[in-house]
Every structure is written in C-alpha cells, then in structure tokens.
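Peer 1: Pasting a predicted model and its sequence here:
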Amino acid sequence: MLQCARDKRRRRVTSTFAALNLADLVSGYLHIFQYWLDIRLVSERAGDQKKRIEKDKGRKEPPPGPDDEDFRRPARPAGRAIAVYSAKGGVGVTTLATNLAVGLHTEETPAVLVDSCLQFGDVSVFLNLQVKNSIADLSARAEELDNDVVDEVLMTHECGLRVLAAPQRPEMADDVHADQVRKVLQFLKRVFAYVIIDTSSTMDDTTLAVLDVADLLVAVATPDIPAIKDARLLFDLLNVLEFPAGHVLFVLNKMDRRTGITAEAVAENLKHAVDGEIPYAEQTVTASVNRGVPLLLGDKSRPPARNLLDLLGAIKHKLVAQAKEEEEVKEAERPRAFGR
Ligand SMILES: Nc1ncnc2c1ncn2[C@@H]1O[C@H](COP(=O)(O)OP(=O)(O)OP(=O)(O)O)[C@@H](O)[C@H]1O
Ligand SMILES: [Mg+2]
C-alpha cells in the first residue's frame with residue numbers, strides 16, 4: 001500500500017512539475033525511492049560502511065565507475081533523510097536542523113547535515129566551521145560519486161557529525177542543479193544512517209528535490225499569523241504533491257505565552273497536530289548561534305534544549321513506526337511458500 005502510495009506520489013509530482021513547466025526535473029524522478037530500512041540494522045550496516053570506506057582508502061585498483069553494476073547497487077539499504085522546512089523564513093529552521101543533526105549523530109548511527117540553502121546557507125556558521133568544500137563540489141561530480149570523493153568534500157564537526165556546506169558565495173549556487181542535489185542526497189542516504197537537510201524557505205526546484213528524497217519532513221512555524229498562514233499553504237501543497245501526511249512532523253518554534261497563541265489553537269486552526277513545541281529563548285539561542293555551539297551540545301536539562309530532546313524522541317519514534325510499517329508491507333508482499 002505504501003509503495004503504491006509512493007508510486008502515486010511520484011506520478012503526481014511528475015505531473016505537477018510538468019504543469020509547472022519544470023520538465024527538466026521529471027527525468028530524475030524515475031530514479032528515486034529506495035527505502036526499506038530496518039532501523040535496528042542501521043548501526044550494524046553503518047559500521048560495515050565505515051569499514052568499507054577505510055578499506056577503500058587503502059586499495060590500489062580504481063573504485064567502480066558509474067557503468068559498473070556494483071556502483072549502481074546501493075552499498076546498503078538506505079538511511080533516512082529528514083528535511084527541515086518552513087514556507088516562512090526566519091522561524092528557526094537552521095537552528096532546528098543543526099540541533100537535530102547533532103542529536104541524531106552517534107558512532108553507531110552516523111549522520112550528515114546538508115545545507116541546501118544554496119545562496120545564503122549558514123549551517124557552517126551555526127556550527128563554527130570554516131568552509132573549504134561545499135555541495136557545489138559534489139554536485140559537479142554527481143554522476144561519479146564515490147566514497148572517497150564524498151569523504152573528501154564533507155566537513156567534520158568536533159562531535160563527529162559530517163557536514164555538507166552551502167557554496168561559499170551566492171553566485172556559485174547557479175552551478176548547482178536540483179537533479180544533482182537529488183543524486184547527492186540519494187548517495188548520502190546509502191552511506192549515512194541519517195541525512196538531515198536544512199532548506200531555504202523558497203519552494204524552488206532544489207527544495208522540491210529535497211522533499212522528493214525526504215522520508216520525513218519537519219515542518220516549522222512560529223506562533224504568529226503570517227507563519228501560520230504559510231504553514232497552511234505548505235500543508236495544501238504537500239497534499240497536491242501527495243507527500244504522505246504521516247511523514248510530516250509539525251513543530252512550533254519560539255513559543256511565547258505572551259503572544260496568547262497556543263499550540264492547541266494552532267492545531268485547531270490548521271487541522272493538523274502540533275508534534276513539538278520549542279519555547280522562545282532569545283538569549284540562550286542567540287548565544288548558541290553566535291558561539292557556533294548547538295544547544296544540544298550544552299546543558300540539555302533545561303528548555304529549549306530539553307524540548308529539542310523531546311522533538312528528537314518524536315522523530316525517532318516516527319522513523320521506527322515508518323520502518324515497521326514498511327516491514328509489514330514487505331512481509332505482506334512476500335510470496336507465501338506454503339500458501340498460508
Ligand atoms: N526558540 C528560539 N527562541 C529565540 N530565538 C530563536 C529560537 N529559534 C531560533 N531563534 C532565532 O531566530 C533567528 C532565525 O533562526 P534561523 O536562522 O534558525 O531561522 P531560519 O528559519 O533558518 O531562517 P532563514 O529563513 O533565514 O534560513 C536566529 O536569530 C535565531 O537565533
Ligand atoms: Mg536557515
């Protein structure tokens with residue numbers, strides 16, 4: 001059923017793009033959807049992958065090229081891509097994406113944070129990293145990605161999280177195409193247990209490509225009328241794209257009792273559950289951003305870090321439920337040897 005829904009979504013997305021005169025995106029949509037991951041196996045497989053990267057570094061023969069069957073076959077079942085998005089800018093998408101990435105990364109479940117805000121991405125600033133390479137370097141080689149190239153381009157945060165930065169200059173964004181971004185993300189899903197993607201609020205080809213690869217969308221809004229209006233438009237658009245409603249987590253950031261807007265009121269207004277609330281904490285968040293040290297690397301016992309941990313729990317819960325659902329579908333589709 002899920003596969004069927006995804007196929008339907010793929011067809012719908014394709015026709016939507018055609019209607020929007022984005023025909024150049026359509027071809028890439030035929031190469032997507034390699035899911036079927038058992039979350040419990042992620043750590044084991046990620047370990048295998050790490051060993052493989054080490055081994056690849058030492059080997060003499062050239063790595064398989066794009067024409068080799070070994071290259072095209074996924075190295076392991078895909079990891080999970082989590083896109084963080086808001087139709088309205090400035091609501092805290094990058095704050096959430098960086099913290100979620102830091103929180104999800106472990107040695108057993110390695111994570112990569114991708115900055116898909118091609119013109120003015122600031123993930124590297126939020127993590128106090130000096131950008132040497134960026135997504136432009138990988139997208140230029142989207143047809144010939146291999147572990148060595150990817151390993152070389154990704155930066156490493158001191159907590160171990162890998163980071164794919166946005167281009168150093170806005171004009172370099174012109175060289176990065178949505179199809180290439182899609183291929184890069186698909187490759188990263190084979191290598192990492194989690195691929196967290198920070199997005200720009202513009203619903204352009206790149207963001208659509210991100211949504212296409214995403215297994216989970218963390219939709220962010222703030223408790224104010226313009227942001228809530230934009231969230232409504234986003235949910236409508238997701239409907240049109242047939243993005244599975246169950247794959248969306250809706251989060252309200254900068255919650256402030258003084259505004260008089262409660263999560264319940266927003267949920268009622270949008271007819272959409274609020275899955276997470278992060279309080280407004282100007283001093284704490286500003287200090288964290290300015291120091292380039294995510295909140296989840298500091299004291300996690302107090303808000304808003306504690307609320308981010310709760311959100312992390314909700315995300316993991318959702319992904320486990322997703323994996324279970326997919327496993328059930330797979331099981332139901334498996335031919336029965338004895339007709340039972
Ligand atoms: N919970 C919060 N409390 C107070 N301030 C916050 C909170 N979350 C984020 N901010 C602040 O809001 C501002 C915007 O945050 P951020 O850059 O993460 O938003 P964004 O949605 O990624 O913006 P853009 O659309 O520019 O990419 C930053 O100054 C950040 O410090
Ligand atoms: Mg941002």
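Peer 2: Okay, I see it. Residues are numbered from 1 along each chain as shown. Ligands and ions are numbered 1, 2, ... in the order given.

Peer 1: and stretch 290-297 with ligand 1, contact?
Peer 2: No: counting by Cβ under 6 Å from any ligand atom, ligand 1 is not contacted by stretch 290-297; separation bottoms out at 8.2 Å. Backbone N, C-alpha and C define where each C-beta goes, glycine included.

Peer 1: What residues sit buried inside that stretch?
Peer 2: Neighbour counts over stretch 290-297 (16 or more other Cβ atoms under 10 Å) mark 293, 294, 295, 296, 297 as buried.

Peer 1: Residues in contact with it: which ones?
Peer 2: For stretch 290-297, contacts defined as Cβ atoms under 8 Å, 6 or more residues apart in numbering pick out 98-99, 102-103, 125-129, 159, 284-285, 288, 304-305, 308-309, 312.

Peer 1: Now list the buried members of those.
Peer 2: Using 16+ other Cβ under 10 Å as the threshold, 98-99, 102-103, 126-127, 129, 159, 284-285, 288, 304-305, 308-309, 312 are the buried ones among the contacts of stretch 290-297.

Peer 1: what two of the residues you listed are the furthest from one another?
Peer 2: 129 and 309 (23.2 Å; Cβ to Cβ).

Peer 1: which other helices and strands contact the top helix by length along the chain?
Peer 2: In the chain, ranked by residue count with DSSP state H as the criterion, the top helix is helix 305-333. The criterion is 3 or more Cβ pairs under 8 Å, 6 or more residues apart in numbering; DSSP states H and E, and the helices and strands that helix 305-333 contacts are helix 2-19, helix 39-58, strand 80-85, helix 93-104, strand 216-221, strand 248-255, strand 276-279.

Peer 1: Which of the ones you listed comes out lowest on mean pLDDT?
Peer 2: Lowest mean pLDDT of those: helix 39-58, a mean of 39.

Peer 1: Report the contact partners of the residue in the chain positioned nearest to ligand 2.
Peer 2: With Cβ to the ion as the measure, residue 94 is the residue of the chain nearest to ligand 2, at 3.3 Å. Going by Cβ under 8 Å, 6+ apart, residue 94 touches 117, 122, 123, 126, 198.

Peer 1: hang on, isn't the last one packed against residue 99?
Peer 2: No: the pair residue 198 and residue 99 fails to qualify as a contact (Cβ atoms under 8 Å) at a distance of 10.9 Å.

Peer 1: interface residues of the stretch 51-200 of the chain facing ligand 2?
Peer 2: 93, 94 (Cβ under 5 Å from the ion).
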